[in-house]
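**Q** What would the 3D arrangement of this be:
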Amino acid sequence: MNASKSASRPTLKSDLARVDAHVSQADEFEELPELTDDMLSRAKVNKGGRPCSSNPRKLISLRLPADVIERWKATGAGWQTRMAERLSQVQ
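**A** Numbering: from 1, shown residues only. Okay, here's the model as predicted:
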C-alpha cells in the first residue's frame, strides 16, 4: 500500500444521518417560487437515454464453437457488431 494514500474508502463528506433526520418545516416552502401557467407552458419533459431505434436489436441465445468466438474476438473491439453485419449479409 502506498504510504501517501489512505486505506479507507472516500466519503461523501456529508452528514447523511443529519440529512435523513431533517423534517421540512412550513416556512421552508415559502422560499419556493409560485408556479405560474407561463412556467408550466415552457416546461419540457426530458426522458433521457437514447432515442428508440427504428430497427431495434433482439436478444437471442446462440451456441457457437469456442474457436469461432475466439477468432472473432481476436479481430478486436467491435467484433460483435462486425459479426452481426456479416450475418445480415448472408441470404
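**Q** gap between the longest helix along the chain and the chain center?
**A** Longest helix of the chain, by residue count under DSSP state H: helix 79-89. How far helix 79-89 lies from its chain's middle: 25 Å, per C-alpha atoms, centre = their mean, to the nearest Å.
**Q** What are the contacting residues of that helix?
**A** Under the criterion C-beta atoms under 8 Å, 6 or more residues apart in numbering, residues 57, 72-73, 75 lie in contact with helix 79-89. Every residue, glycine included, has its C-beta placed from N, CA and C.
**Q** need the helices for this structure, in chain order.
**A** Going by DSSP H, the chain shows helices at 16-21, 26-29, 37-41, 66-73, 79-89.
**Q** Quick one: closest of the ones you listed to R9.
**A** Minimum separation from R9 across the helices of the chain (C-beta to C-beta) falls at helix 16-21, 14.1 Å.
**Q** and I69, how many residues sit next to it?
**A** 13 (other C-beta atoms under 10 Å).
**Q** sorry, that was for D38
**A** 7.
**Q** Could you report the distance from it to C52?
**A** Relative to C52, D38 is positioned 31 Å away (C-beta to C-beta, to the nearest Å).
**Q** still on that earlier bit, could you dump the helices of the chain into JSON lines with distance to G48 added?
**A** Formatted as JSON lines, the helices of the chain follow (distance: least, C-beta to C-beta, whole Å):
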{"stretch": "helix 16-21", "distance to G48": "25"}
{"stretch": "helix 26-29", "distance to G48": "28"}
{"stretch": "helix 37-41", "distance to G48": "21"}
{"stretch": "helix 66-73", "distance to G48": "32"}
{"stretch": "helix 79-89", "distance to G48": "24"}
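**Q** The ones you listed: lowest mean pLDDT?
**A** Mean pLDDT values for the helices of the chain show the minimum at helix 26-29, a mean of 83.
**Q** Which elements pack onto that helix?
**A** Using 3 or more C-beta pairs under 8 Å, 6 or more residues apart in numbering; DSSP states H and E as the contact test, no helix or strand touches helix 26-29.
**Q** so how far is that helix off the chain centroid?
**A** With C-alpha atoms, centre = their mean, you get 34 Å for helix 26-29.
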